[in-house]
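Novice: here you go, sequence then predicted model.
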Amino acid sequence: MRVTQSGMDLNLLVALDVLLEESSVSRAAARLHLSEPAMSRTLGRIRKALGDPILVRAGRTMVPTPHALAVHGEVRAVVERARALFLSGGQVDPATLTRTFTILANDAFTAVSGAALFSRVTSEAPGVRLRFLSESHVDVPALREGVADLELTVIDSRAPEVRVEHLADERMVAVVRAGHPLLRGRMTARRFAAAEHLIVSRRGRLQGPVDAALAEQGLTRRVRGSVGTYPASLFVLRDTDLVGLITTQGTPLAHGMGLETFPVPLELPTLPFGMAWHPRHDADPAHTWLRDRARDLITSREDGARTTADDPGPAH
């Protein structure tokens, strides 16, 4: 960052972080409990210190400059380290916490568990806001660059400089419309392969682990296309004879739409669901609190799912 000696001010970094997060002087002013004129003067000081406009007008909105985007991750890291340093004894009172956390999550998790996480956070920390981002079709180091604070998804790779905590093992189940022909009779790998399939891929891929498992048995399936998210796929499956897949985590979505699920007649690898974060958050008690809330939500959901699976139900 090109910060001059005379312009060095940690308060400016806090303001810059909020300005880039909101892309709005008025919203940043509200977040920092300042008047709009005071926030505008602060933006002027930031522009002078960095030698860059930072935010520029684009129609009715403001957008960050390329330099602002380049330094935002560094600014976020400095601000978060400062917060952690000045919090006494590594403790945080959620009731007085004012913060926005950005969570990168797959859409199935957000759709199934987002409401519960919002409710928990709102009840404990009314000053905390959650901002969910969908997974992109392009892999970017969102945690390292400060784009996201926490990732909640199936984590199948370990990026450098990232902490990963495994929380649950997901598996894939097949999903079809009610009354689908595959629901009648014994399910075999050959019957499954003979159906027409819909793939979920944020990168637009038209094959996956199912195809590898079928190939081991000398079988191939007919893939008609792909969509980017599991929730979107359910609307397609509801109105067609296509066969899709969804994680066990997402089955409440399917059943809520009147769709049917059944085990895939193949040996598929389990999917390690977990959370990931950058090590700079390790000493941040507010981030630790958020991780605890997410962990409690996911593990309690898993315990509930196991209890339901173990309960044979009433005798007939």
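Specialist: Arrived safely.

Novice: Gln91: neighbour count?
Specialist: By the measure other Cβ atoms under 10 Å, the count of residues near Gln91 is 9. The way it works is simple: take the backbone N, C-alpha and C, and place the C-beta from them, glycine included.

Novice: against Thr96, how distant is the residue nearest to it when sequence neighbours are not counted?
Specialist: Computed as Cβ to Cβ, 6 or more residues apart in numbering, the closest residue to Gln91 that is not its neighbour in sequence is Pro285, at 5.9 Å. Here the criterion is Cβ to Cβ, to the nearest Å. By it, Pro285 lies 12 Å from Thr96.

Novice: cool, and Leu117?
Specialist: For Leu117, the distance to Thr96 (Cβ to Cβ) stands at 20 Å.

Novice: between these two, which one's more packed in?
Specialist: Comparing Leu117 with Thr96 by neighbour count (other Cβ under 10 Å), the higher total belongs to Leu117, at 22 against 9.

Novice: verify the stated contact: Thr229 with Val200.
Specialist: Yes. Judged on Cβ atoms under 8 Å, Thr229 makes contact with Val200 at a distance of 6.6 Å.

Novice: which one of these two has more residues nearby?
Specialist: In this view Thr229 and Val200 are compared by other Cβ under 10 Å, and Val200 has more residues nearby, 24 against 17.

Novice: contacts only, for the more buried one.
Specialist: Neighbour list for Val200: Ser226, Val227, Gly228, Thr229, Tyr230, Ala232, Ser233, Gly244, Leu245, Ile246 [criterion: Cβ atoms under 8 Å, 6 or more residues apart in numbering].

Novice: go with 10 Å
Specialist: 106-108, 208, 226-234, 236, 244-247, 250 (Cβ atoms under 10 Å, 6 or more residues apart in numbering).

Novice: pLDDT of stretch 230-242, averaged?
Specialist: Averaged across stretch 230-242, pLDDT comes to 96.

Novice: count of neighbours near the residue nearest to Gln91?
Specialist: Using other Cβ under 10 Å, Pro285 is surrounded by 19 other residues.

Novice: same check on Gly44?
Specialist: 11.

Novice: quick one: secondary structure of it?
Specialist: helix (DSSP: H, G, I helix; E, B strand; the rest coil).

Novice: which residues does it contact?
Specialist: Counting by Cβ under 10 Å, 6+ apart, Gly44 touches Ile54.

Novice: what's the answer for Pro252, then?
Specialist: Ala108, Ala111, Val112, Ser113, Ile246, Arg301, Ala305.

Novice: buried ones in the helix or strand harbouring it?
Specialist: Counting by DSSP states H and E, the element that carries Pro252 is helix 251-256. Across helix 251-256, burial judged by 16 or more other Cβ atoms under 10 Å covers Thr251, Pro252, Leu253, Ala254.

Novice: how near is Arg60 to Ser23?
Specialist: Separation of Arg60 from Ser23 (Cβ to Cβ): 12 Å.

Novice: okay, the two: which has more neighbours?
Specialist: Ser23 (15 against 5).

Novice: ok so, going back, list the residues that contact both of Thr229 and Val200?
Specialist: Asn106, Asp107, Ala108.

Novice: wait, what's in contact with the residue positioned nearest the centre of the chain?
Specialist: Centroid check for the chain by Cα atoms, centre = their mean gives Ala105 as the closest residue, at 1.4 Å. Going by Cβ under 10 Å, 6+ apart, Ala105 touches 111, 113-114, 117, 132-135, 148, 150-153, 275, 294.

Novice: okay, and the beta partners of it?
Specialist: Beta bridges link Ala105 to Ser134, Leu152 when assigned by DSSP bridges.

Novice: next one: Thr61
Specialist: Beta-bridge partners, per DSSP bridges, of Thr61: Ala58.

Novice: how about Glu260?
Specialist: Val176.

Novice: my guess is it meets Leu182, correct?
Specialist: Yes. Look at Glu260 against Leu182 with Cβ atoms under 10 Å: they come within range, at 9.1 Å.

Novice: now do the shared contacts for those two.
Specialist: Ala174, Val176.

Novice: are any of the contacts of Ala105 buried, and which?
Specialist: Neighbour counting by 16+ other Cβ under 10 Å classes 111, 113-114, 117, 132, 135, 148, 150-153, 275, 294 among those as buried.

Novice: list just the nearest of the residues you listed to Arg163.
Specialist: Nearest to Arg163 among the buried ones among the contacts of Ala105 is Met275, at 8.7 Å by Cβ to Cβ.
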